[in-house]
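> Here is the input, now give the coordinates:
(one chain, ligands or ions: 1)
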Amino acid sequence: MEFKKSEKLYKKGLKNLVGAVNSPVRAFSSVGGNPLFIKKAKGTKITDVDGNKYVDLVLSYGPMIIGHRHKKVQKAVEKALKKGYSFGASTENEIKLAKIVCDAFPGMDKVRFVNSGTEAVLSGIRLARAFTGKDKIIKFAGCYHGHQDALLVAAGSGLATLSLPGSKGVPDGAVKNTLIANFNDLESVKKHFENDDNIAGVIIEPIAGNMGVVIPENNFLVELKAYLETKGALLIADEVMTGFRSKFGGAQELLGVEADITCLGKVIGGGFPVGAYGAREEIMQEVAPLGGMYQAGTLSGNPIAMAGGIATLTELKKQNPYKEFEKIASSLETVLLETAKKYNVSLTVNRFGSMINPFFVNSEVTDFVEAQLSDTKKFAVFFWEMINNGVFLPPSQFEAWFLSSALSKKDLEKISKAIDAGMLAVSKM
Ligand code: PMP
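Next up is the predicted model:
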């Protein structure tokens with residue numbers, strides 16, 4: 001496989017773009033290469049500027065859950081484009097998308113649309129503080145909640161990939177109200193509450209996808225929620241990744257837990273920039289113009305993004321692919337484990353719904369510490385074999401692979417073959 005045109009664009013891009021990318025997760029630095037430049041995508045396939053075609057398991061890090069350029073989404077967006085791009089005033093489609101979202105999440109009576117997952121979470125945190133009158137927030141090591149200052153500590157995703165403990169440029173004051181707990185460890189949450197009565201809430205990726213996939217054990221979420229209720233603190237579910245992906249009602253539906261505040265992004269815009277945060281009525285009463293918590297956005301509720309979101313969620317609801325996702329993920333897990341065994345490669349596979357992730361490690365992965373034991377050098381070799389065999393993966397051990405409902409039997413065969421080549425290459429290291 002040749003990447004000549006990508007290489008050329010990379011060199012050109014370096015002049016005016018940082019690392020030639022607009023998000024560090026798109027740099028291939030942790031797998032020892034340079035970023036691919038993409039030309040187009042359709043259905044399950046993504047094509048780079050050199051004409052290499054891949055089965056796409058990145059899916060723009062989640063949003064393209066029904067595949068790229070689904071015809072109903074394309075049509076809805078084209079129709080919206082003809083009416084104008086942004087008005088700075090309300091449109092009917094904002095009400096329509098809000099109803100779809102609130103109907104799917106019983107804990108959300110009202111929602112506010114923003115432009116990204118980062119914005120959704122930073123607003124959700126502000127709301128938790130506004131409602132409780134308390135300042136501190138507990139986050140879990142390895143969870144990533146966007147790039148707001150307060151949560152850029154012990155974070156997963158790009159920080160884990162680049163082995164960064166936090167970010168330069170974040171003043172101590174910005175993180176002094178952030179407390180860290182361990183995923184799947186309720187005791188580590190309780191310890192904070194024992195020493196502190198100024199905790200507004202706990203933010204969590206209910207199914208973590210930013211340290212690789214890490215699954216909540218047993219009744220972790222249910223017990224966490226019950227405990228927080230005794231402390232008058234809020235559960236903030238960051239469902240930017242899992243919302244409408246784990247189930248139509250997100251990880252909360254799947255796990256049988258109702259968060260106080262829910263943050264969404266990715267799928268709800270169908271590939272266009274949208275985020276959202278919402279909660280029950282009494283909490284949302286805090287948000288301006290109803291209450292004193294200010295949050296605003298010039299492009300929020302953007303008409304093109306709303307049209308993309310409505311069409312995507314409507315089609316997704318109709319397709320109801322969640323059982324199929326489970327089947328596909330289960331068969332992928334089997335292929336990964338059996339192929340690893342065939343070539344004597346140590347592997348652990350974590351999956352939940354349509355998110356799956358292999359770790360090159362012999363032991364189970366239940367939190368960030370265990371995830372970091374994975375052999376990232378092996379992942380890098382595996383990654384390039386997958387690329388060379390036509391499967392596009394996130395260029396990081398610590399990002400989930402995403403499934404779309406458009407995946408065909410042929411795509412899965414291609415993925416299986418690539419996995420075989422990948423494991424063989426790893427076994428020769
Ligand atoms: N929360 C979670 C759980 C995420 O996975 C992400 C992005 N990967 C974000 C927040 C931030 O979203 P965005 O990149 O749209 O700002």
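> Quote the end-to-end distance of stretch 26-36.
One end of stretch 26-36 to the other measures 8 Å (Cα to Cα, to the nearest Å).
> Contacts for it, please.
Stretch 26-36 is contacted from outside by 3, 6-7, 10, 19-21, 48-49, 52, 161-162, 376, 379-380, 383-384, 387, 392, 395-397, using Cβ atoms under 8 Å, 6 or more residues apart in numbering. C-beta: built from backbone N, CA, C; applies to glycine.
> what about stretch 203-212, how long is it end to end?
OK, stretch 203-212 end separation, Cα to Cα: 18 Å.
> What average pLDDT does that stretch get?
Across stretch 203-212, pLDDT averages out at 95.
> on that earlier part again, now go through the contacts of stretch 26-36 and say which are in helices.
Those of those mapping onto helices are 6, 7, 10, 161, 376, 379, 380, 383, 384, 387, per DSSP state H.
> OK, contacts around the third one?
Right, the one you point to is residue 10. With contact set as Cβ under 8 Å, 6+ apart, residue 10 has these partners: 20, 34, 35, 37.
> gap between residue 135 and the ligand?
21 Å (Cβ to the nearest ligand atom, to the nearest Å).
> Skipping its backbone neighbours, what lies nearest that residue in space?
Excluding the flanking residues, the one nearest residue 135 by Cβ to Cβ, 6 or more residues apart in numbering is residue 177, at 4.7 Å.
> Residue 136 is in contact with the one you found, correct?
Yes: between residue 177 and residue 136 there is a contact at 4.7 Å, judged by Cβ atoms under 8 Å.
> neighbour count winner among these two?
A direct count of neighbours by other Cβ atoms under 10 Å for residue 177 and residue 136 places residue 136 higher, at 20 against 16.
> Give me the pLDDT for the more buried one.
In this model, residue 136 is scored at 96, pLDDT.
> give me every residue that touches it.
With Cβ under 8 Å, 6+ apart, residue 136 has these contacts: 177, 178, 179, 192, 196, 198, 199, 200.
> Show the buried residues in the contacts of stretch 26-36.
Buried members of the contacts of stretch 26-36, scored by 16 or more other Cβ atoms under 10 Å, are 3, 6-7, 10, 19-21, 48-49, 52, 161, 376, 379-380, 383-384, 387, 392, 395-397.
> what helix or strand does the residue most central in space within the chain sit in?
Nearest residue to the geometric centre of the chain (Cα atoms, centre = their mean): residue 241, 3.1 Å. Secondary structure assigned from DSSP states H and E places residue 241 in neither a helix nor a strand.
> Look up how far the ligand lies from it.
From residue 241 to the ligand the distance is 4 Å (Cβ to the nearest ligand atom).
> Show the model's pLDDT score for the closest residue to the ligand within the stretch 201-350 of the chain.
Going by Cβ to the nearest ligand atom, the ligand is nearest to residue 240 of the stretch 201-350 of the chain, at 3.5 Å. pLDDT recorded at residue 240 is 98.
> I'd assumed residue 246 was in a strand, is it?
No: under the criterion used here (DSSP: H, G, I helix; E, B strand; the rest coil), residue 246 is coil, not part of a strand.
> Now do the contacts for it.
Counting by Cβ under 8 Å, 6+ apart, residue 246 makes contact with 206, 207, 253, 254, 322, 352, 353, 354, 355.
> which among those residues end up buried?
Neighbour counting over the contacts of residue 246 (16+ other Cβ under 10 Å) leaves 206, 207, 253, 254, 322, 352, 353, 354, 355 as the buried ones.
> Cross those residues against strands and list the overlap.
352, 355 (DSSP state E).
> burial of residue 119, as a residue count?
24.
> no, scratch that, I was asking about residue 258
For residue 258, using other Cβ under 10 Å, the count is 18.
> hang on, the earlier thing: of the contacts of residue 246, closest to residue 125?
Residue 125 lies nearest to residue 206 out of those, by Cβ to Cβ, at 16.2 Å.
> So that closest one is in contact with residue 222, correct?
No: checked against Cβ under 8 Å, the pair residue 206 and residue 222 is beyond contact range at 10.7 Å.
> any idea which helix or strand carries residue 64?
Residue 64 belongs to no helix or strand, assigned by DSSP H and E.
> Likewise for the one 10 residues further on?
Residue 74 is part of helix 71-81 when elements are defined by DSSP H and E.
> what's that helix packed up against?
Counting contacts by 3 or more Cβ pairs under 8 Å, 6 or more residues apart in numbering; DSSP states H and E, helix 71-81 packs against helix 303-319.
> Identify the residues contacting the helix it packs on?
Contacts for helix 303-319 (Cβ under 8 Å, 6+ apart): 63, 65-66, 70, 72-73, 75-77, 79-81, 83-87, 91, 93-94, 96-97, 100-101, 104, 113, 115, 244, 248, 267-274, 405.
> Repeat that for stretch 210-224.
For stretch 210-224, using Cβ under 8 Å, 6+ apart, the contacting residues are 142-144, 155-157, 160, 183-184, 186, 189, 202, 204, 206-208, 235, 241, 251, 255-257, 350-352, 355-357, 359, 365-368, 371-372, 374, 397-400.
> Report the separation between the two terminal residues of it.
Stretch 210-224: ends 20 Å apart by Cα to Cα.
> What is the neighbour count of the closest residue to the ligand within the chain?
In the chain, no residue comes nearer to the ligand than residue 117, which is 2.2 Å away by Cβ to the nearest ligand atom. Neighbours of residue 117 under the rule other Cβ under 10 Å: 30.
> could you list every residue that touches it?
Residues in contact with residue 117 (Cβ under 8 Å, 6+ apart) are 145, 146, 238, 240, 241, 263, 264, 265, 266, 275.
> My guess is the second one contacts residue 123. True?
This points to residue 146. No: using Cβ under 8 Å, residue 146 makes no contact with residue 123, being 10.4 Å away.
> Of these two, which one has the most company?
residue 123 (24 against 20).
> how far away is that one from residue 208?
From residue 123 across to residue 208, the span is 21 Å (Cβ to Cβ, to the nearest Å).
> Close to the ligand: what parts of the stretch 201-350 of the chain are there?
Applying Cβ under 6 Å from any ligand atom, we find that the stretch 201-350 of the chain lies next to the ligand at 205, 209, 210, 238, 240, 241, 265.
> sorry, back to before: farthest-apart pair in the ones in helices among the contacts of stretch 26-36, please.
Checking these with Cβ to Cβ, the most distant pair is 7 and 376, at 23.3 Å.
> and the residue of the chain closest to the ligand, what pLDDT?
98.
> quick one: it from residue 375, how far?
To residue 375, residue 117 is 29 Å away according to Cβ to Cβ.
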